[in-house]
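Enquirer: Mind folding the following:
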Amino acid sequence: MMDVPTVALNLTFLLTIGIGFLMFRAHVLLTTLLTLAGDAHSAAVTLTALWNWLRIAEVANYRSRPAPDQEIRPAKAFPIPGSRRLRNKGLV
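Expert: Just a heads-up that it's a prediction; the model follows:
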């Protein structure tokens, strides 16, 4: 028959080994998951950049200028004094 201190020491030793093993498994699991997540992120960034690069080339080669009916002229912020626009609005 074993005495009480021997049983207590054996249980302490086995629990310490068991907790250490569980922590090791958690470490391996987290390392694996973080590595897979990093690889997936790198692949997503690479594929997105490649897709955008190919898309820009496709759009740029389609037509270099808009159609004549779609051209937009910039608006004039300050109309010329004495212009028809000012006369029509009664400002001159």
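
Enquirer: which SS class is Met2?
Expert: With DSSP: H, G, I helix; E, B strand; the rest coil as the basis, Met2 sits in coil.

Enquirer: typed the wrong thing, it's Leu29
Expert: Leu29 - assigned by three-state DSSP - is helix.

Enquirer: How much space separates it from Val7?
Expert: Distance from Leu29 to Val7, counting by CB to CB, to the nearest Å: 33 Å. Where C-beta positions appear, they are placed from N, C-alpha and C, glycine not excepted.

Enquirer: hey, where'd the helices end up in the protein?
Expert: Along the chain, the segments classed as helices by DSSP state H run 4-60, 84-88.

Enquirer: mind putting those helices in a markdown table, mean neighbour count and mean pLDDT included?
Expert: A markdown table is the format used below for the helices of the chain (neighbours: other CB atoms under 10 Å; pLDDT from 0 to 100):
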| stretch | mean neighbour count | mean pLDDT |
| --- | --- | --- |
| helix 4-60 | 10 | 92 |
| helix 84-88 | 11 | 61 |
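
Enquirer: what about Leu54, distance to Ala44?
Expert: Leu54 is 16 Å from Ala44, by CB to CB.

Enquirer: ignore the last one, Thr31
Expert: 20 Å.

Enquirer: cool, Thr32 as well?
Expert: Counting by CB to CB, the gap from Thr32 to Ala44 is 19 Å.
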